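K.L.:
Mind looking at a prediction? Sequence and model below.
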Amino acid sequence: MATRVRVVGRMYVPLGFYIRLTKNENLFRRRLHTLIRRQGRNAMAGTTEKLFWNLRSNRNISTGGQATKENFRESLKYCEDLVKRHENDYYLCALLAPEGTYAALITLRAFNIETARVKDSITNPTMGTIRLQWWADAIDSLYSGEETSDLLKQPVTAMLYILLRRYHFPKEHFLDVLEAREEDMSSDPPATVSDLLSYGEKTQGSLNELALHTISLMDKDYNNSAKAVRHAGRFTGMTTLIRSTPFLATRGLTYLPKQLLDENNVSIESIKESASMGTLSDPLKVIVQTLADRALEELEAARALRPHITRDVALLTLPALASEHYLFRLRKNNFEVFDPAVIEPIGFDPLKLRLWIRWSAWRGVF
């Protein structure tokens, strides 16, 4: 007798299993995480071997005896662990992305994390500029076809080395990310909301458009797809900057635009004071709400293009759901960005997000 099943993402789960689990949240979470790990192994299965084989089969490329399948397997594992630790929502979405794109998406997110945390690991802007220049030189070397021991020792550049032999990633998108990171070395907040949106587009928008090059698209579909992922990138970028407010405030920093701070008579010192008290003043709530509403406009603009994009493009845009879930939580808590329930939700909330992402992946929408 055939077993009735229900589909979650790309996973087939017995219907009776679902009915029983909904009565037991802890068991639900454990079993769901087991399915996630199993799906992760399936997504990774053969990925490195296929990429490495494509590299070896290209006779115009010499690996100089330095690049081995084991090197790339270790590099992919490093990137995967990095994304799991810092951007777990993106890791989950990579598991649900179109077939064959997992390694590329994980590597792009690892590149984002490595360049983003330069600012947190320096004591002065000059050191940050030097480190970002290393990344710019590495990108130049990768696109010129060079293979050096330095490139292969760094796991992210090692993965980019092999991925660039399979995908035609435009170099300017990587440089846009690095340009935004260099502008970020300053401790001054963005001047206007437009500057904040521009930062989101240069970082998350550029990475989203790079991800487009991992799937097959007709020329007539590319323009609408690029517009959709750019809008989604501005949305996730701005939401991420709102989300970083509690962590930056303790260091006397903020991404809240100076234009809005001046209009509402808010100083950086008052933001730091609010962080120590764990609550926002009314003017600060107005600023946060203004930015949240502007971010949601970008999401709506991306969704307006859904009839003109393919299912694969929609799957690449799934991370926007995690940002939208955060804004829902923020609005529910009266825009209190310092509220622990907003910063680190507990209970059933994270599980609801995972199920929402899987349900959207199955439907092919974001």
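P.N.:
The structure has been received and is ready for your questions. This is a predicted model, so every value here is computed, not measured. Residues are numbered from 1 along each chain as shown.
K.L.:
For Pro98, which non-adjacent residue is spatially closest?
P.N.:
Distances taken as Cβ to Cβ, 6 or more residues apart in numbering put Asp312 closest to Pro98, at 4.3 Å, once the chain neighbours are dropped. For glycine as for every other residue, the C-beta is placed from the backbone atoms N, C-alpha and C.
K.L.:
Remind me which helix or strand that neighbour belongs to.
P.N.:
helix 311-316 (DSSP states H and E).
K.L.:
After that helix, heading C-terminal, what element do we hit next?
P.N.:
Following helix 311-316 in sequence order, the next helix or strand is helix 319-332 (DSSP H and E).
K.L.:
From the chain's centroid, how far away is that next one?
P.N.:
The chain centre lies 14 Å from the centre of helix 319-332; the measure is Cα atoms, centre = their mean, to the nearest Å.
K.L.:
buried ones in that helix?
P.N.:
Neighbour counts over helix 319-332 (16 or more other Cβ atoms under 10 Å) mark Pro319, Ala320, Leu321, Ala322, Ser323, Glu324, His325, Tyr326, Leu327, Arg329, Leu330 as buried.
K.L.:
Any idea how far apart the tips of stretch 331-338 sit?
P.N.:
13 Å (Cα to Cα, to the nearest Å).
K.L.:
where in this protein is pLDDT low?
P.N.:
Applying pLDDT under 70 to the chain picks out residues 1-69, 147, 219, 346-348.
K.L.:
wait, which of the buried residues of helix 319-332 is closest to Pro189?
P.N.:
For the buried residues of helix 319-332, the residue nearest Pro189 by Cβ to Cβ is Leu330; the value is 19.4 Å.
K.L.:
contacting residues for the closest one?
P.N.:
Residues in contact with Leu330 (Cβ atoms under 8 Å, 6 or more residues apart in numbering) are Ile242, Val288, Ala292, Glu336, Val337, Val342.
K.L.:
Select from those the one having the most neighbours.
P.N.:
Tallying neighbours with other Cβ atoms under 10 Å puts Val337 at the head of these, with 24 neighbours.
K.L.:
Could I get the contacting residues of the residue nearest to that residue when sequence neighbours are not counted?
P.N.:
Closest residue to Val337 apart from its sequence neighbours, by Cβ to Cβ, 6+ apart: Thr245 at 4.8 Å. Listed by Cβ under 8 Å, 6+ apart, the contact set of Thr245 reads Thr254, Tyr255, Leu256, Ile271, Val288, Val337, Phe338.
K.L.:
which SS state does the second one fall under?
P.N.:
Of the three states, Tyr255 takes coil according to DSSP: H, G, I helix; E, B strand; the rest coil.
K.L.:
Please name the nearest non-neighbouring residue to the residue positioned nearest the centre of the chain.
P.N.:
What sits nearest the mean C-alpha location of the chain, by Cα atoms, centre = their mean, is Tyr90, with 5.1 Å. Nearest residue to Tyr90 in three dimensions, chain neighbours excluded: Arg109, at 4.9 Å (Cβ to Cβ, 6+ apart).
K.L.:
swap in Asp339?
P.N.:
Leaving aside its chain neighbours, Asp339 sits nearest to Asn333 (4.9 Å; criterion: Cβ to Cβ, 6+ apart).
K.L.:
List phi and psi for that neighbour.
P.N.:
Torsion angles at Asn333 (phi, psi; degrees, to the nearest 10) stand at phi -100, psi 30.
K.L.:
ok, now Ala361?
P.N.:
According to degrees, to the nearest 10, Ala361 has phi -60, psi -40.
K.L.:
That one: how many residues sit nearby?
P.N.:
25.
K.L.:
ranges for the strands of this protein?
P.N.:
Assigned strands in the chain, in chain order: 5-8, 11-14 (criterion: DSSP state E).
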